[in-house]
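A.B. asks: Here is a sequence together with a model predicted from it:
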Amino acid sequence: MSKRLIKQVSDKYTIEYNSGNFDNWCIYLTRRGGVRYAPLDDEYFTLLLQLGLTHGYDKIYADFVKVYARTSKTLDETILKLIEETAAGYEEDRYEMEIWFTVIYAGMIAEENKMHTKLGKRIKRLGMHQTLIDKIGPGIAAHFSRNKPWRELDAIMQAKGF
């Protein structure tokens, strides 16, 4: 897969898919004049937790769930527009929210497209729930699912209602 643009945010940030270490669904973020890199879960979980101090953890989580509910295996311009409109409500943090909701949305699409996936996008929801609702810590939430059987994770997710 060649580089595929997901979204330009504020003409300063580029979010795109390209080949990564594991598959062709690696998400890259480039800030204008900056280095192109693949954001990690613990980075954006940490940033969203910090933004929750200002905007409310429940609000951020509820806005995430709106995007989550509409996410499928394909990139959808109407969802990118929903993210942009939702992020506008965060005023001075609107571009940060648009960036990270877009990155997470793209990550959920990638999870849905993983070969032999059993949990798909629910993995991202678990991390968001653990970070914003359970407050277990972004680093722990980011690595929680690693090496755990999918059935165990599925049971945890079902207990949380998703």
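C.D. replies: Right, received. Where do you want to start?

A.B. asks: I'd like to check which residues are in contact with the most centrally placed residue in the chain.
C.D. replies: In the chain, the residue lying closest to the centroid (Cα atoms, centre = their mean) is Ile104, at 1.5 Å. Ile104 is in contact with Tyr44, Phe64, Val67, Lys124, Met128, counting by Cβ atoms under 8 Å, 6 or more residues apart in numbering. Where you see a C-beta, it was placed from the backbone N, CA and C, and this is true even at glycine.

A.B. asks: For the first one, give me its contacts.
C.D. replies: Right, the one you point to is Tyr44. Listed by Cβ under 8 Å, 6+ apart, the contact partners of Tyr44 are Trp100, Val103, Ile104.

A.B. asks: Sort out for me which of those residues are in helices.
C.D. replies: Judged by DSSP state H, the subset of the contacts of Tyr44 located in helices is Trp100, Val103, Ile104.

A.B. asks: So for the second one, what pLDDT did the model give?
C.D. replies: Put plainly, it is Val103. With respect to pLDDT, Val103 scores 98.

A.B. asks: ok, it touching Cys26?
C.D. replies: No - using Cβ atoms under 8 Å, Val103 is not in contact with Cys26; the gap is 11.4 Å.

A.B. asks: So for the two, which sits in the more crowded spot?
C.D. replies: The residue with more neighbours, out of Val103 and Cys26, is Val103; 23 against 17, by other Cβ atoms under 10 Å.

A.B. asks: who touches the more buried one in this structure?
C.D. replies: Neighbouring residues of Val103 by Cβ under 8 Å, 6+ apart: Ile15, Ile27, Leu29, Pro39, Tyr44.

A.B. asks: do you know how far Gly20 is from Thr131?
C.D. replies: Distance, Gly20 to Thr131, by Cβ to Cβ, to the nearest Å: 23 Å.

A.B. asks: Brilliant, that's me finished.
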